[in-house]
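> My questions concern the predicted model and sequence given below.
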Amino acid sequence: MVLYTDLLVVGGGPAGMAAVLQAADSGLSVILLERYDQLGGQLVKQTHRFFGSKDEQAGTRGNVIARAMEEELEQLDNVTVLLEATALGYYEDNILLVSAQHSLKKIKAERIIVATGAAEKMLTFPNNDLPGIYGAGAVQTLMNLDGVVPGRRVVMVGAGNIGLIVSYQLLQAGVEVVAVVEAARQIGGYLVHAAKISRTGVPIYTGQTIKRAYGNGEVEGVELWQLDHNWQGIPGSERSLAVDTICLAVGLRPLTDILVQAGCQMAYVPQLGGDVPLRDDNLKTSNHRFYVAGDAAGVEEATAAILEGELAGLSAILELGAKEGQSLEVKKRTVKKKLDKLRKGPVGEKIRAGLLKVRRDGNAGKDRYSHTG
Amino acid sequence: MKDRTIICRCGDLTLEDLQQLIREGFTTLDELKRISRLGMGPCRGSTCLELVAREISRLTGVGIGQIKMPTNRPLLTGIKLAELAGEGDD
């Protein structure tokens, strides 16, 4: 049995939900797929308040934003939400194969918005498979959703925003954070987050990384060492910390498998986290059926994901001939302006550099996929 | 116990194994995948492919952006045989 729909959105996080909400009065049929048993994606475990401008929900906690979007979504009778639904593959005849609550479904859609998010990156160091080594995102899920602490003494590797925020949440949960370690010479995350950590007395070591983990059957400690300017460890600079948990916050990688299978032209763009699809200024990829939004388009913050979701959603439903096209065009221009504003200034520098490499021009990043069967 | 650095968790491939294979001349992700089964486990390479690309780049001097990714095929994750057999189909 094949399900037909005008618009299919893959991923029920901030970008996917925002995309679907645009179709509210469009008269179009929409299916939203979410891998987990609840909507919200990463927002549901983001118990901290957001930054930025008031327009973009600054001051509101991520989980509260998710709940509000979900409530709005529940009001829409043209939208079907499939929970515990994982996209398995995309086939030549434009069929997306989905496993939804342990039953296979084939879905055929006029337009597909891929808002699949990102996955945590891993590090290579000796004994990196010892029990007690976690991704920071996994620790956040464990604590804020399941109410379980990962251990008693933690070292955090990575001082970007995720590393800093999760460190603070570990402290809030009564876990001892022995140190935050950052390979770069500077802290990657916002200073506000770093200051919060420093005030509690937790040291942040820059220019250092993990040399090896050790322990008999589980993590008992970690050896750190200093890095030279070529990112090589300096012998003799080692120090050991007794910890039972190592938390890795070393970046995210966009999840783009479906887009690759759909033959979308890709570009390797380190500033955006890895391989991302080329797109136009409406977030449409080189495959005319496909749009991309959120972390799958390039790793950024939830606020950017929401705006990108809105932009992709509006663009897709306009193409599909939604009612009230005029007012949607106006809305689309406003969203684009908000995105530009969000990415302004030194904080958005890396993202802006990355976005220069996702256009179909001579500056595009290299496509690492060959696209042959 | 000897220190081990795991590259492919699904296939239990270590950094040492990988470096040996690269030295033997398996210098593309496709070749390495075929000889070692890396990236063919339940995670479909989501953890290891980037780590392997980095190591190939380091040992061969080819830029990381130039390293070809293996063909991406369905299925993206493991499913139960019962699903394929249509159990629970309506």
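Okay, I see it. Computed from a predicted structure; not experimentally measured.

> can you pull the contacts of the residue in the stretch 1-150 of chain A that chain B sits nearest to?
The minimum distance from the stretch 1-150 of chain A to chain B, using CB to the nearest CB, falls at residue A:89 (2.2 Å). Yep, even glycine has a C-beta here, placed from its N, CA and C like the rest. Residue A:89 is in contact with A:96, A:97, A:258, A:261, B:73, B:74, B:75, B:76, counting by CB atoms under 8 Å, 6 or more residues apart in numbering or on different chains.

> Could you measure from the residue sitting nearest the centre point of chain B over to residue A:117?
In chain B, the C-alpha nearest the mean C-alpha coordinate belongs to residue B:39, at 2.3 Å (CA atoms, centre = their mean). The spacing between residue B:39 and residue A:117, counted by CB to CB, to the nearest Å, is 20 Å.

> now residue A:205
When CB to CB is applied, the distance between residue A:205 and residue A:117 equals 30 Å.

> neighbour-wise, which of the two wins?
The neighbour count for residue A:205 versus residue A:117, taken as other CB atoms under 10 Å in any protein chain shown, is higher for residue A:117 (23 against 17).

> Excluding covalently adjacent residues, which one is nearest to the residue of chain B found nearest chain A?
Nearest to chain A, among the residues of chain B, is residue B:74, at 2.2 Å (CB to the nearest CB). Closest residue to residue B:74 apart from its sequence neighbours, by CB to CB, 6 or more residues apart in numbering or on different chains: residue A:89 at 2.2 Å.

> ok, whichever helix or strand the one you found is part of: who's next to it in the sheet?
Taking DSSP states H and E as the criterion, residue A:89 maps to strand A:85-91. Strand A:85-91 has the following sheet partners, assigned by DSSP bridges: strand A:95-100 (antiparallel).

> okay, the partner strand in CSV with CA atoms only?
Only the C-alpha atoms of strand A:95-100 are listed here, as CSV (Å, rounded to 0.1, in the frame of the first residue of the first chain):
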residue,chain,number,x,y,z
ILE,A,95,9.0,6.1,-2.9
LEU,A,96,10.2,6.8,0.6
LEU,A,97,10.2,3.5,2.6
VAL,A,98,9.3,4.0,6.3
SER,A,99,9.2,1.8,9.3
ALA,A,100,6.3,3.1,11.3
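
> low-scoring pLDDT stretches of the chain, where are they?
By default, I'm working from chain A. When residues are selected by pLDDT under 70, those of chain A lie in A:52-54, A:371-373.

> wait, I meant chain B there
Looking at chain B by pLDDT under 70, you get B:1, B:87-90.

> Tell me where it has strands.
Ranges of strands in chain B, per DSSP state E, are B:6-8, B:13-14.

> does any part of the first one sit near chain A?
When you say that, I think you mean strand B:6-8. Yes: against chain A, strand B:6-8 shows contacts by CB under 8 Å from any CB of the partner chain at B:6, B:7.

> Name the surrounding residues that touch that strand.
By CB under 8 Å, 6+ apart, the residues outside strand B:6-8 that reach it are A:124, A:128-129, B:12-15, B:17-18, B:36-39, B:41, B:47-48, B:51-52, B:55.

> Swap in 7 Å and give it another go.
Identification of contacts with strand B:6-8 by CB atoms under 7 Å, 6 or more residues apart in numbering or on different chains yields A:124, A:128-129, B:13-15, B:18, B:38-39, B:41, B:48, B:51-52.

> Please list the residues of chain B that sit near chain A.
Within chain B, the positions adjacent to chain A are B:3-7, B:9, B:15, B:46-47, B:50-51, B:65-69, B:71-72, B:74-77, B:79-80, B:83, B:88-89 by CB under 7 Å from any CB of the partner chain.

> Now the buried members of the residues you listed.
Buried members of the residues of chain B next to chain A, scored by 16 or more other CB atoms under 10 Å in any protein chain shown, are B:5-7, B:9, B:15, B:46-47, B:50-51, B:65, B:67-69, B:72, B:74, B:76-77, B:83.

> Among these, name the ones in helices.
Among those, the subset assigned to helices under DSSP state H consists of B:15, B:50, B:51, B:83.

> okay but the last one is in contact with residue A:100, surely?
Just to be clear, that refers to residue B:83. No: contact between residue B:83 and residue A:100 fails when scored by CB atoms under 7 Å: they sit 9.8 Å apart.
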